[in-house]
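# the sequence isn't on hand, but the structure is:
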Ligand SMILES: [Cu+2]
């Protein structure tokens, strides 16, 4: 008989949270779990700033007239919203918080390969964030998060250099995180833990790390050239000096398209953990999902020019990039089909992480399918720079990446803090977020299709109904994000103690205590089977 | 020996071998990011050289080939002394390690000195891009593009050399204190990998910048 797993338990006497006290023990820690929590605090802060910008944007767009902000202010608002959310929240979110916490535990190691480098990358990240906030406080940037030249080099008289430097430094922090993950996954696996016994979350973060390593340096050198161009008046991207602004766009998107996979691959990894856990079933097509992660990372580097179809490319290049972009749908669909097949005939429980994972699958599918539409040359020319694009990438980034992040946070929160959060409120918030998200962004597909351009603070009155809907949805979404913030903080003090395996699932991280000891395991683990072995674990329990 | 090994293995590694393999893999991965970093500049070079071949050839002839060749020889020699230093560290031979590291640093410093002299010369001749740029040949704006890339690429390379000298100085101090031996020498190995990488970047920069205009 399988005993029903108990949710609550007695916490261990000594664990990583109480092994040492005081602010110094946190700021100088080399424990990957504590660094994960430091990152959690930092990115929540940056998310709040980016979110505030979004609130202001939606307030302005509630009426057709540009009445709340002047167009210059509005330009700064959407630029800062994009920069904060992309570089300081989404990119570090799952890798730096959940990846930091979980990868060493999932590979059965005591820490990441380079713990001090890990702490260093957190400091770099915060210095970068402060740089960017400094620029924000002193007037902001108005180039859009894409920094297109020659506007950003010649004409904009805002704080382009400080912001670019902030992103440059943040880039090094992600490079170091990626490097740490790759070396840890290659060299620190527990005895018996072969590549195809790794949890799919580790596979997806391995693929993400490859993008960190191969893509981020290109963004770094591009921003460096941009800053040099502004400071010294040289003209690598300046057409009046023989330079080519298209070269900037190529270099920028060579990183920034793969950056989308930095955001969504880790979320896919989270979903690949949650779906089998709450369907109580071995994942369907393990190797296909693992290879699909790597395929997405590789394909992601071959499609960047689909952002430039109207920038003046040759039709032959555009056709090739269009076809390659559509190929991205193949590994994405492989994943969605395998998750669906895992659900088939599973014994599904509707716990909060599962709600988020199902939300991810639905919203990511919407975002992905509209992505195929956008990869089609004719449609792209029609809806380029409209709200259709805005809706599409928010379905991927908010509907995909943030749903995955929140799902993962809810799934592993009992492991991270050793506390349980209120089941009722967490389910409510998952549904509020799902509804709020769709009310916010679905109208934007229609707006864009009807021709409302992005990046303007005023619009023709006939678009008002849909815009008011969108602003109302944003309010719901905002409330949805506040609820978890409140009950997570509440749970740290008042939550019941979680058992070491509150969900009754398999995985190395559930075999250690909640919260884990500083060196992760009381006895070093030896792995004898693959992940997600639900049927066999019951047999073992039966045999006892 | 076992106690000796444990003293140099960080708490989260199982063995000195695991620690060394992690360090060298980490260094190789870091060098991959460096290749991508320089890659952006090389791409810009390829694009603009393709667009303005004559201006690039004319601008390239302004560079001093004697100094460039001397610098190439210096860096190649420093890679040899670096390799010898790594070997000395692996064998735990303190004096040769210190001597070869010092030699490597000396060669690197002379390289940087010559580079500074070249930069100074270009400034005086008005070949630094910007408002004061003066170029007598045809296609002056495109020649300016060449010098943009020249200063960006060699400047970034020189910055890497400076960092490398700093790393080697640390290795020199640790080596003089006898920290390295057959069981623990991965810092010297990693420093060596980095130094060779910086050398290899120059091996590409030299022909692309100094030699393109020679036969035209
Ligand atoms: Cu893209």
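Thanks, I have it. Since the model is a prediction, treat every value here as computed from it, not as a measurement.
# pretty sure residue A:29 is in contact with residue A:35, am I right?
Yes. Shown here, residue A:29 and residue A:35 form a contact pair, counting by CB atoms under 8 Å, at 6.5 Å. The way it works is simple: take the backbone N, C-alpha and C, and place the C-beta from them, glycine included.
# and chain A, which residues reach chain B?
Neighbours of chain B within chain A, by CB under 8 Å from any CB of the partner chain: A:109-115, A:175, A:179-180, A:182-184, A:186-188, A:213-218, A:220-222, A:225, A:228, A:232-236, A:241-244, A:247, A:251, A:519.
# which ones among those map onto helices?
A:115, A:175, A:179-180, A:182-184, A:186-187, A:213-218, A:220-222, A:225, A:228, A:232, A:247, A:251 (DSSP state H).
# if any of the residues you listed are buried, put those into a ChimeraX selection.
Buried residues among those (16 or more other CB atoms under 10 Å in any protein chain shown), as a ChimeraX selection:
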select /A:115,175,179,180,182,183,184,186,187,213,214,215,216,217,218,220,221,222,225,228,247,251
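# which of residue A:29 and residue A:35 has more neighbours?
residue A:35 (25 against 21; other CB atoms under 10 Å in any protein chain shown).
# what about that one, distance to residue A:53?
Counting by CB to CB, to the nearest Å, the gap from residue A:35 to residue A:53 is 27 Å.
# how about the residues of chain B near chain A?
So far as CB under 8 Å from any CB goes, chain B lies against chain A at B:10-12, B:18, B:21-22, B:25-26, B:29-30, B:32-34, B:36-41, B:43-44, B:47-48, B:51-52, B:129-131, B:141-142, B:144-145, B:148-149, B:152.
# narrow these to those that are buried.
Here, 16+ other CB under 10 Å leaves B:12, B:18, B:21-22, B:25-26, B:29-30, B:32-34, B:36-41, B:43-44, B:47-48, B:52, B:129, B:141-142, B:144-145, B:148-149, B:152 buried among the residues of chain B next to chain A.
# what about residue A:489, how many residues nearby?
By other CB under 10 Å, neighbour count at residue A:489 equals 11.
# next one: it relative to residue A:41, how far apart?
Per CB to CB, residue A:489 is found 11 Å from residue A:41.
# residue A:416 is in contact with residue A:37, correct?
Yes. At 7.2 Å, residue A:37 counts as touching residue A:416 under the criterion of CB under 8 Å.
# between those two, which is the more surrounded one?
residue A:416 (26 against 19).
# quick one: the more buried one and residue A:34 touch, right?
No. Using CB under 8 Å, residue A:416 is not in contact with residue A:34; the gap is 10.5 Å.
# could you list every residue that touches the residue of the stretch 401-544 of chain A found nearest chain B?
Relative to chain B, the nearest point of the stretch 401-544 of chain A is residue A:519 (7.6 Å; CB to the nearest CB). Residue A:519 makes contact with A:110-111, B:11-12, according to CB atoms under 8 Å, 6 or more residues apart in numbering or on different chains.
# most widely separated two among these?
Pairwise distances across these (CB to CB) peak at 7.8 Å, for the pair A:111 and B:11.
# what's the burial count for residue B:123?
11.
# pretty sure it sits in a helix.
Yes. Assigned with DSSP: H, G, I helix; E, B strand; the rest coil, residue B:123 falls within a helix.
# what's the spacing between it and residue A:238?
22 Å.
# check residue B:11 too.
Taken as CB to CB, the span from residue B:11 to residue A:238 is 53 Å.
# how about residue B:190?
Residue B:190 is 39 Å from residue A:238, by CB to CB.
# just checking, residue B:41 touches residue B:155?
No. When contacts are counted by CB under 8 Å, residue B:41 is not listed as touching residue B:155 (10.2 Å).
# residue A:325 - nearest residue in space that isn't next to it in sequence?
Leaving aside its chain neighbours, residue A:325 sits nearest to residue A:375 (3.7 Å; criterion: CB to CB, 6 or more residues apart in numbering or on different chains).
# which residues are in contact with the one you found?
Contacts of residue A:375 by CB under 8 Å, 6+ apart are A:303, A:306, A:322, A:325-326, A:328.
# save these as JSON lines, and put in pLDDT and neighbour count too.
JSON lines is the format used below for the contacts of residue A:375 (pLDDT from 0 to 100; neighbours: other CB atoms under 10 Å in any protein chain shown):
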{"residue": "A:303", "pLDDT": "95", "neighbour count": "22"}
{"residue": "A:306", "pLDDT": "94", "neighbour count": "22"}
{"residue": "A:322", "pLDDT": "95", "neighbour count": "19"}
{"residue": "A:325", "pLDDT": "95", "neighbour count": "24"}
{"residue": "A:326", "pLDDT": "95", "neighbour count": "15"}
{"residue": "A:328", "pLDDT": "94", "neighbour count": "23"}
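# confidence score at residue 101?
Just going to use chain A. pLDDT for residue A:101: 97.
# you looked at the wrong chain, it should be chain B
97.
# am I right that it is in a helix?
Yes. Secondary structure of residue B:101 (three-state DSSP): part of a helix.
# burial measure for it, as a count.
28.
# how about residue B:163?
12.
# what do you get for residue A:233?
Neighbours around residue A:233, by other CB under 10 Å: 15.
# continuing past the one helix or strand in chain B whose mean pLDDT sits lowest, what's the next helix or strand?
The weakest-scoring helix or strand in chain B, judged by mean pLDDT, DSSP states H and E, is helix B:2-8 (a mean of 54). Using DSSP states H and E, the next helix or strand after helix B:2-8 towards the C-terminus is helix B:16-51.
# so which elements touch that following helix?
helix A:160-187, helix A:200-232, helix A:245-279, helix B:2-8, helix B:140-176, helix B:186-206 (3 or more CB pairs under 8 Å, 6 or more residues apart in numbering or on different chains; DSSP states H and E).
# now do the phi/psi pair for residue A:110.
phi -90, psi -20 (degrees, to the nearest 10).
# that one contacts residue B:18, correct?
No. Using CB under 8 Å, residue A:110 makes no contact with residue B:18, being 11.3 Å away.
# now the spatially most central residue of chain A: how far from residue A:403?
In chain A, the centroid-proximal residue (CA atoms, centre = their mean) is residue A:263; its distance is 3.5 Å. Applying CB to CB, the value for residue A:263 to residue A:403 is 11 Å.
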